[in-house]
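Visitor: could you look at this predicted model? Sequence included:
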Amino acid sequence: ITDPPIKFESAPPNELNAYSPSEVMARKAASCTGTSVFLVDALRLCGVPARIAGVPHWNRGSATCPLGDASPDCGNHDWVEIFDTLTDTWAFVDVLGDLRLNHSWFYPAMSGMAEPLSINHSIYASSYADPRHLSILDPTSYQRPGQIPSKEGYFPMVWDWSTMSVRAWDVTGVYTGKV
């Protein structure tokens, strides 16, 4: 699709980077968010159900992150979840990893420290509609182990905390095993 290939380029903390597929292709680089948006769009184009997942800030404690969420080692990260129709579950792939399903630098050590229903330290998965409504309308399809409607109903955007337009599930339990 692009020559040279798209490469990872870290975004400045809490700032925007290239996120649309056209921006990513033009720049040939993007952060984990931009590369994840690009991959989700490509998968959906091929008919593969996919969504963005991520964490606003890693919960690594005061020793590693003396400035709290402002410490570089506690920043956000986004990746891709792909729906596996054979197992009826979501699997994840990290564009910064080796691209094997359910393997990444953050799993299980970093993701295991996430806290469900905490805005900053939960793991979220985007949703096309409000999960609070979906889980009521069709509980069989939408109530999955470790997946609950997010506390506020949206995926926090660290570059603009006032943005509430991306609906989300709290999938922390899927990644921590605490279902």
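Guide: Noted; the coordinates are in hand.
Visitor: the chain: strands as residue ranges?
Guide: 7-8, 29-30, 50-55, 77-84, 89-93, 124-126, 148-154, 167-170 (DSSP state E).
Visitor: deepest-packed of those, please.
Guide: Mean neighbour count, computed with mean count of other CB atoms under 10 Å, is highest for strand 167-170 among these, reaching a mean of 25. C-betas here are computed from N, CA, C, even on glycine.
Visitor: just to revisit the earlier point, nearest to Pro21, out of the strands of the chain?
Guide: strand 29-30 (9.5 Å; CB to CB).
Visitor: and the least confident helix or strand in the chain by mean pLDDT, what's buried?
Guide: The weakest-scoring helix or strand in the chain, judged by mean pLDDT, DSSP states H and E, is helix 139-142 (a mean of 78). For helix 139-142, the neighbour count (16 or more other CB atoms under 10 Å) marks Tyr142 as buried.
Visitor: what about the helices in the protein?
Guide: For the chain, the helices defined by DSSP state H cover 21-27, 32-45, 61-64, 131-137, 139-142, 172-176.
Visitor: could those helices be laid out in CSV, adding distance to Asn76?
Guide: Conversion of the helices of the chain to CSV gives the following (distance: least, CB to CB, whole Å):
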stretch, distance to Asn76
helix 21-27, 18
helix 32-45, 8
helix 61-64, 15
helix 131-137, 20
helix 139-142, 25
helix 172-176, 15
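Visitor: quick check: which of the ones you listed is buried the most?
Guide: Of the helices of the chain, helix 172-176 is the most buried (mean count of other CB under 10 Å), at a mean of 22.
Visitor: which other residues reach it?
Guide: With CB atoms under 8 Å, 6 or more residues apart in numbering as the test, helix 172-176 has contacts from 90, 107-108, 111-112, 114-117, 122-123, 144-148, 178-179.
Visitor: next one: that helix to chain centre, how far?
Guide: 12 Å (CA atoms, centre = their mean, to the nearest Å).
Visitor: quick revisit: of the contacts of helix 172-176, select the buried ones using a PyMOL command.
Guide: A single PyMOL command is used to select the members of the contacts of helix 172-176 judged buried by 16+ other CB under 10 Å:
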select buried, resi 90+111+114+116+122+123+144+146+147+148
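Visitor: thought Thr64 was touching Met113, still the case?
Guide: No. Applying CB atoms under 8 Å, one finds Met113 not in contact with Thr64, separated by 10.1 Å.
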